[in-house]
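**Q** structure here, sequence nowhere to be found:
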């Protein structure tokens, strides 16, 4: 590992910790300049493929997931950390299901489950796109179900 300060490759691991989510945090010290820095090791995961409604398969894209959640949460009091946490939980749940393929509808359901818990407006926004609301009655049905669960 090269030192980010002096670019020498003589470094020593001072401390290692498991951060969860299959990552290891390592504190390193450069043997030349003496400065310390942190690195993270992550297990390389197998690709997950998403099966779209029309049958196409595409690689799971975490960035695409985060973008969709961000759009639903736009101008809402949902911090970026929370959005990233939701994406982490969704990816983790998909991986725990031990399948390298997941239907896009399953991902949409998971997003709606998490959004419903943190912000009802973001939930309705996401649901309107995900469930393809075509009329006002569709909105009313979802809003009534939210009111009942309070």
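**A** On my side now, so go ahead. Model, not experiment: these values are computed from the prediction. Numbers count the residues shown, from 1 in each chain.

**Q** center of this protein, which residue is that?
**A** When the chain is reduced to its mean C-alpha position, the nearest residue by CA atoms, centre = their mean turns out to be residue 87, at 1.7 Å.

**Q** what's in contact with the helix or strand containing that one?
**A** Assessed by DSSP states H and E, residue 87 sits inside helix 80-96. Applying CB atoms under 8 Å, 6 or more residues apart in numbering, the external contacts of helix 80-96 come out as 21, 45, 48, 60, 62, 65-66, 69-70, 73, 102, 106-107, 110-111, 114-115, 118. All C-beta atoms are positioned from the backbone trio N, CA, C, and that covers glycine.

**Q** please pick the buried ones from those.
**A** Applying 16 or more other CB atoms under 10 Å to these, the neighbour count classes 48, 60, 65-66, 69-70, 73, 102, 106-107, 110-111, 114-115, 118 as buried.

**Q** between those residues, which is closest to residue 130?
**A** For the buried ones among the contacts of helix 80-96, the residue nearest residue 130 by CB to CB is residue 111; the value is 7.4 Å.

**Q** circling back to that earlier point, closest to residue 11 among the buried ones among the contacts of helix 80-96?
**A** Looking at these and their distance to residue 11, the nearest is residue 66, at 32.4 Å (CB to CB).

**Q** which SSE is that closest one in?
**A** Element membership for residue 66 (DSSP H and E) is helix 62-73.
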